[in-house]
Structure formats: structure tokens, C-alpha cells
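J.: Just the structure for this:
(chains A and B)
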Amino acid sequence: MAQSNAEEQLFQQYLSSVQKEKKHVLIWQLLILISFVFFWEIASRFYWIDPLLFSSPSTIYQVIVDKMQDGSLLAHMQVTLLETVAGFLIGTIVGVFLAISLWFSKRLSNILDPYLVILNAMPKVALGPIIIVALGPGYVSIIAMGAIISVIITTLVVYSAFNEVDPNYAKVLQSFGATKRQVFQHAVFPATLPTIISTLKVNVGLSWVGVIVGEFLVSKQGLGYLIIYGFQVFDFSLVMMSLVLIAIFAAIMYKLVEKIESWLIK
Amino acid sequence: MTLLTLENITHYYFSKQGATKSLKDISISIQEGEFISLLGPSGCGKSTILSIMAGIIQPTEGNVSLKEKAIQSPSSEIGYMLQQDYLFPWKNILDNILLGPKINQTATNKIKEKGMELLQEVGIEHVATAYPDALSGGMRQRAALVRTLINDPMILLFDEPFSALDYQTKLKLEDLVAILLKTYRKTTVLVTHDIGEAIAMSDRIFVMNTNPGTISKVFDVPIELRNEQPFLARRHPKYQLLFDKVWDELDNRKNVAFLGGGK
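T.: Just a heads-up that it's a prediction; the model follows:
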């Protein structure tokens, strides 16, 4: 009994040391954030940096409150969020679907290989003007930008993951007389699910790039539009506010995907 | 009655470097209920023969037939067990062993009960809902065995199923497999490079030559050894006798090849 008591005590000690470490990390994280905001504010107040260019936390806060009250900010946020989520979903789904088609047809994959390489190497935002001409200067173009930026890389990463699945799993299924579709369903897809999920994480970031650039180019609404507008009228508080909001939303989306990941891969 | 026949099988592998003859003129016929072993060094094409028997590979030349019907594609009449268990890590043990019935859309509650019975028979029914990661190598191989047996195949093909296990587990599993095969009256082909395993388990041993793979000699295992459990057969006086003969067969050939006369 004394033995197990000692063990229990050691275990508790271990737990509390883990907790302590967690607390330390959190304190440092908060400290960095608070001192950053604090020094930004001080530097701006004392004109160490030009408040016209770099704004200050208090002004940004004021802008957010004002814009919230007249309701315009909500609309901008909504537009950008919707575009990003749509671009992200379309890019990922189309990319995975393309990868599946390539897996089913080795010949198709061989034929398309050079085109995929070129499309992947090409900076997708360079296609912006053409997309806008083709799809019109509206949210459709912006969603397309958000999607196109992630679709090819998704295809390539997921397809190569499909190919890396141990062929012996397929052999086991084939020995039961499984069709290619059944091999995909029972072996290839579940084995690559972790890779697919991790491309989701990358795609969240990529879709934001596509959508913000798209908004720079055409839109009349959205956070990307606010950045460009603020830049043109020299209202850098507006620019900074949009940046802060984008950072927050992008982080939330990333965390959501992480939650989905831990839920799918138990 | 002859169950499985291989007639004059020759097989080539093709790569960018050229064609490699991996099997030459292989003829084997296996009687119902028989246990045969293919014994040879690695690279002699014994696993290729197994893949051909399973219908996964089509031979370049020659015929394979099961009950006088040509084998053209894999089916659940042939149970194929690989060197490693290849249990699917994202499925629990019960789902793993029900894979075959699921593929063939014959998974019913009755099959599920049969699966549980088989798990019980190999002594791992308590881990039916566990995932493969939680099992030891021996348990995993037992589960893989059940996954093969549940389809009730006419013939079982084992590709070095015990080679990845530690020695004790391997001996225990040999006995278990021998008992199971006897109860279910299964015809079996075992591929191995372990002379002792071949002698302890089989009725006939096909010793293979390499480059290209051919059958150099067939040994009949004496009835005394066949009637014993593999573990006990290893202690039988006739075991060592046969072991030496097979050893010589494998060893001589190596010397000939070494002297340059192998081709």
C-alpha cells in the first residue's frame, strides 16, 4: 500500500509539473502580446513612430467600435469570410476529386503530369486579371481566386499520398476479389485521410491569400477592399484594423480545421 | 482428387532494364487436403508462384487451374496470407476479419458470429473490438489467419506467415495452424525459406532453384512426421534425416552455382 501511495505521489508530482510548464508558456505568450500592444500604443503616443502610418491599438479599437455601430464592418467581414470558406471548400474538394481521378487512371495521370507541374509552378495570383475578365468583377471571381490557389497543390499532395499507400493493403483486398473502387474505399482513402486533413490546414492559409488578392483587384466590399481603400485614402487605421481582423479569422479557421482533424483521426 | 494444377508455368518480369525470367517450366499439382511447401532461398520466385496461384499475377506462359477451372482473377475460393499481417490499422479486429465478406457483400450476422467463433478458436476473442496497434505480433498474425479462414477458401496460400515472429510464437502458431487446417480440412501451400518449418508442417516439399526459378527436387515427408504436431515432429528421429537431405539439396546447388556450373 505504501508502494502505491508513493507511486500516486510521484504521478501527482508529474501532473503538476506538466501543468506548471503549461502555465509558464501561457504567461509568456500573454506577456508578449500585452507588451507588443503596450509598446505600440506608447510608441505611437510619443511619436516614436508616425501614428498616421502605423496607427495605434486605441485608434484601431475606436475604428472597430465605430464601424461596428454603423453596421458596415459586419458586412465586410461577412463577405470576406464567405468568400474564403467557399474558396477553401471548392479548392480542397476539387483538388481531392482530381487526385482521385488521377489515381483511378494511371494513363490520365501520365498525360496530365506536365500540365500539373506547370500549373503548380505558376503563381496563381498572376491569373487574377484573366479570372476577373472571364467571370466578371464580383464575388464569383474572388471565390475562384481563393479556390484556384489551392486546387493544384491539393491534387499533387493528395495524389502522391495515394501512391505511397503500402500496395500490400491493396493486395490483401484483391485476394478477396475486390474491385478498384473497393480498394480505394477500404484501403487507399482511409490510409491517406491524415494527409488530406493536413492539406486542409495549408489550404486555409492559401485561400486567404487568394481572396485578399482578389479583393485588392476588384471588389467593393470585404476586408481586402478595406485595406486597399484605406491605403488609397491614407487611412492606415483602417488598414491595420483589417489586418488584425484577418489574422484573427484566419487563426480561428485554422483552429477549426485542427478540431476537425482531431475528431476524424482518433 | 487434384485441386490445384500448375502446368508449365514460365513467367517474366519486365522493367526498363529488360525482361527477367523469374520462373521456368513450373508444374505442380496439389491434391485435396494436402499441405505442400515451396522451399528456397529468397529471390527464387516462390512468392511469384503464390501470386500466380492466387490469380493476382497472370503467368506469361502456362496454365493454372482450380478444380479444372482456369484461374483468371482473385476470388474468395483462394485464401492468400501475406508475410506480414497487413491488418488495417483504422479498422478494429472484428472489422478487419470481416473485410472479405464485406467485399463480397456476404457480411451477415451469421458471418459475424462465425468470425467471433474463429477468433475464439485462435484464442483472441477478447480483442475483437481492439485496434491492431494494441496487439502483439502473434495475435495480429492470428487475426490475419481468421481474416483468411472466414471466407472458407478451398485452398490456403501462406507467404512466409511466421517469418516475422519470434521463435516461440512461431512454434506455437505452427501448431495452432496445423490443428486448424486439420479440423477444416484445408488444402495449403506454404512458401518458406525455413527447412524445419517445411518439414514439420507439410506432406510434400518442393525445393526450388534460383535464376530462373525452377523446381529442383520434390521430397515426400514420411508419414510418421505428417501425423505429428509440428512441435513434436521437430523432435522425431526422422526429422533430422530429412532435414539433412533437404539441406544437402540446397547446399549442393549453391556449390555448383559457385563453381560457375549453375547455369
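J.: Could I get the average pLDDT for stretch A:16-36?
T.: The average pLDDT for stretch A:16-36 rounds to 93.
J.: Just the local confidence number for the residue of the stretch 151-263 of chain B found nearest chain A, please.
T.: The nearest approach of the stretch 151-263 of chain B to chain A comes at residue B:151, 6.7 Å away (Cβ to the nearest Cβ). Backbone N, C-alpha and C define where each C-beta goes, glycine included. For residue B:151, the pLDDT comes out at 86.
J.: from what I can see it touches residue B:74, true?
T.: No: when contacts are counted by Cβ atoms under 8 Å, residue B:151 is not listed as touching residue B:74 (11.1 Å).
J.: who touches both of those two?
T.: Residues touching both residue B:151 and residue B:74 (Cβ atoms under 8 Å, 6 or more residues apart in numbering or on different chains): residue A:176.
J.: Tell me the pLDDT of residue 249.
T.: Using chain A. With respect to pLDDT, residue A:249 scores 91.
J.: wrong one, I was asking about chain B
T.: Listed pLDDT for residue B:249 reads 82.
J.: Now do the same for it: helix, strand or coil?
T.: Assigned with DSSP: H, G, I helix; E, B strand; the rest coil, residue B:249 falls in the helix class.
J.: Ok, residue B:156 next?
T.: Counting by three-state DSSP, the backbone at residue B:156 sits in strand.
J.: thinking it is in contact with residue B:184, fair?
T.: No: counting by Cβ under 8 Å, residue B:156 sits too far from residue B:184 to count as a contact (9.2 Å).
J.: hey, what's in contact with both of the two?
T.: Contacts common to residue B:156 and residue B:184, judged by Cβ under 8 Å, 6+ apart, are residue B:149.
J.: Of those two, which one has the most company?
T.: residue B:156 (23 against 13; other Cβ atoms under 10 Å in any protein chain shown).
J.: That one: what's it in contact with?
T.: Listed by Cβ under 8 Å, 6+ apart, the contact set of residue B:156 reads B:79, B:81, B:148-149, B:181, B:186-189.
J.: Kindly tell me how buried the residue of chain B found nearest chain A is, as a neighbour count.
T.: For chain B, the residue closest to chain A is residue B:80, as judged by Cβ to the nearest Cβ, at 3.8 Å. Residue B:80: 24 surrounding residues under other Cβ under 10 Å.
J.: Am I right that it is in a strand?
T.: Yes: assessed with three-state DSSP, residue B:80 lies in a strand.
J.: roughly how far out does stretch A:220-229 sit from the chain middle?
T.: The chain centroid and the centroid of stretch A:220-229 are separated by 19 Å under Cα atoms, centre = their mean, to the nearest Å.
J.: what does stretch B:223-235 give?
T.: Computed by Cα atoms, centre = their mean, the chain-centroid distance of stretch B:223-235 equals 19 Å.
J.: cool, and stretch A:78-85?
T.: On Cα atoms, centre = their mean, the centre of stretch A:78-85 falls 13 Å from the chain's centre.
J.: give the contact list for residue B:170.
T.: Each residue near residue B:170 by Cβ under 8 Å, 6+ apart is listed here: B:162, B:197.
J.: So it lies in a strand, does it not?
T.: No: secondary structure of residue B:170 (three-state DSSP): helix, not part of a strand.
J.: Which pLDDT value belongs to it?
T.: For residue B:170, the model assigns a pLDDT of 84.
J.: Residue A:154 too?
T.: Looking at residue A:154, its pLDDT stands at 91.
J.: Confidence-wise, which helix or strand of the chain is lowest on average?
T.: As the question left the chain open, I've gone with chain A. One helix or strand of chain A scores below all others by mean pLDDT, DSSP states H and E: helix A:51-54, with a mean of 84.
J.: Please refer instead to chain B.
T.: Each helix and strand of chain B was given a mean pLDDT (mean pLDDT, DSSP H and E); the minimum falls on helix B:237-258 at a mean of 73.
J.: elements contacting that one?
T.: Counting contacts by 3 or more Cβ pairs under 8 Å, 6 or more residues apart in numbering or on different chains; DSSP states H and E, helix B:237-258 is packed against helix B:195-201, strand B:204-209, strand B:214-220, helix B:223-226.
J.: Where does chain A get nearest to chain B, residue-wise?
T.: Here chain A gets closest to chain B at one residue, residue A:175, 3.8 Å apart by Cβ to the nearest Cβ.
J.: ok, now how distant is the spatially closest residue to that residue that is not a sequence neighbour from residue A:165?
T.: Sequence neighbours aside, residue B:80 is the residue nearest to residue A:175 in space, at 3.8 Å (criterion: Cβ to Cβ, 6 or more residues apart in numbering or on different chains). Per Cβ to Cβ, to the nearest Å, residue B:80 is found 19 Å from residue A:165.
J.: Helices along the stretch 151-266 of chain A, start to end?
T.: For the stretch 151-266 of chain A, the helices defined by DSSP state H, counting those that start in this stretch cover A:167-175, A:180-183, A:189-217, A:223-232, A:236-264.
J.: Correction: the previous question concerned the stretch 1-150 of chain A.
T.: Assigned by DSSP H, counting those that start in this stretch, the helices in the stretch 1-150 of chain A fall at A:2-45, A:51-54, A:57-69, A:72-104, A:106-121, A:128-135, A:139-164.
J.: what is the residue of chain B closest to chain A paired to in the beta sheet?
T.: With DSSP bridges as the criterion, residue B:80 is bridged to residue B:157.
J.: related to what we said a few turns ago, I'd like to know which elements the least confident helix or strand of chain A is packed against.
T.: On a contact count with 3+ Cβ pairs under 8 Å, 6+ apart, helix A:51-54 meets helix A:2-45, helix A:236-264.
J.: Please identify the deepest-packed of the ones you listed.
T.: Of all the helices and strands packed on helix A:51-54, helix A:236-264 carries the top mean neighbour count, a mean of 16, counting by mean count of other Cβ atoms under 10 Å in any protein chain shown.
J.: count of residues packed around residue A:176?
T.: Considering only other Cβ under 10 Å, residue A:176 is surrounded by 24 other residues.
J.: quick one: low-confidence ranges for the chain?
T.: Here I'm looking at chain A. Residue ranges of chain A with pLDDT under 70: A:1-3, A:266.
J.: nope, chain B
T.: Judged by pLDDT under 70, chain B has its weakly predicted residues at B:253-263.
J.: let's see 80
T.: Residue ranges of chain B with pLDDT under 80: B:1, B:42-43, B:68, B:75-76, B:107, B:164, B:211, B:222, B:224-226, B:251-263.
J.: domains for chain A, by residue range?
T.: Split into domains by automatic domain parsing, chain A comes to A:2-49, A:58-264.
J.: which one of the ones you listed is the most hemmed in?
T.: Most buried of the domains of chain A, by mean neighbour count (mean count of other Cβ under 10 Å): domain A:58-264, with a mean of 18.
J.: TSV please, covering the helices and strands packed on helix A:51-54 and showing distance to chain B.
T.: Converted to TSV, the helices and strands packed on helix A:51-54 look like this (distance: least, Cβ to the nearest Cβ, whole Å):
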stretch	distance to chain B
helix A:2-45	23
helix A:236-264	11
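J.: picking up where we left off before, export the contacts of residue B:156 to TSV and tack on neighbour count and secondary structure?
T.: As requested, those are exported to TSV (neighbours: other Cβ atoms under 10 Å in any protein chain shown; DSSP: H, G, I helix; E, B strand; the rest coil):
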residue	neighbour count	secondary structure
B:79	24	strand
B:81	26	strand
B:148	26	helix
B:149	24	helix
B:181	18	helix
B:186	21	coil
B:187	20	strand
B:188	23	strand
B:189	26	strand
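J.: Farthest pair within the residues you listed?
T.: Using Cβ to Cβ, the two most remote members of these are B:149 and B:189, lying 15.1 Å apart.
J.: Name the residues of the stretch 101-250 of chain A found near chain B, please.
T.: Counting by Cβ under 8 Å from any Cβ of the partner chain, the stretch 101-250 of chain A comes close to chain B at A:166, A:168-169, A:171-178, A:182, A:186-187, A:190-191, A:193.
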